[in-house]
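Participant: no FASTA, just this:
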């Protein structure tokens, strides 16, 4: 697996559990962590918020169709019955990058077009280029929304839209 790929979401069926040691297992749904579903060693797994916050890690091994072992963990604890996404985000952003777990986006050309056509606060989220983009936002001392975008990897071939449409809508 290269340092980054072109898929914002590779696979995200069902719900999973994850131990603090990084063993990710099927909780529910028709999960099949297989090459046929695009799952590969080196991809990034992002876990939904489970009380303490989101978590992520890099796939170290595919142990079975219902179990993965993760490495380079950024987990606030164990997770139970949570949503997840297997993505091809830049691995340098996992545990130690400049952006938080939910601040790296795979931005395709449609999302760029929509963001550039937006107005008001929605326009502030428009990155300068498609690809892997870090986006942070905050409210300044005057109550104004401020947004910082940084293109981590420029690419116009991002596919597999993630559930990020509140920040980067497709239409």
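Facilitator: Ah, there it is. Remember, predicted model here, so these are calculated numbers, not experimental data. Residues are numbered from 1 along each chain as shown.

Participant: tell me the phi and psi of residue 163?
Facilitator: Residue 163 adopts backbone torsions of phi -80, psi 50, taken as degrees, to the nearest 10.

Participant: what's the answer for residue 124, then?
Facilitator: phi -70, psi -20.

Participant: ok, now the one 5 residues further on?
Facilitator: As for residue 129, its main-chain torsions (degrees, to the nearest 10) stand at phi -160, psi 150.

Participant: check residue 113 too.
Facilitator: Residue 113 adopts backbone torsions of phi -60, psi -50, taken as degrees, to the nearest 10.

Participant: ok, it - how many residues close by?
Facilitator: As a burial measure, residue 113 scores 14 neighbours (other CB atoms under 10 Å). (Glycine included, C-beta is placed from N, CA and C.)

Participant: residue 74 versus that one, what's the distance?
Facilitator: Shown here: residue 113 relative to residue 74, a distance of 32 Å by CB to CB, to the nearest Å.

Participant: can you list the domains in this structure?
Facilitator: 15-90, 104-154 (automatic domain parsing).

Participant: for the residue lying closest to residue 100 once chain neighbours are set aside, helix, strand, or coil?
Facilitator: Spatial nearest neighbour of residue 100, excluding adjacent residues (CB to CB, 6 or more residues apart in numbering): residue 136 at 7.5 Å. Following DSSP: H, G, I helix; E, B strand; the rest coil, the label given to residue 136 is strand.

Participant: residue 136 pairs with what?
Facilitator: As for beta bridges, residue 136 partners with residue 148 under DSSP bridges.
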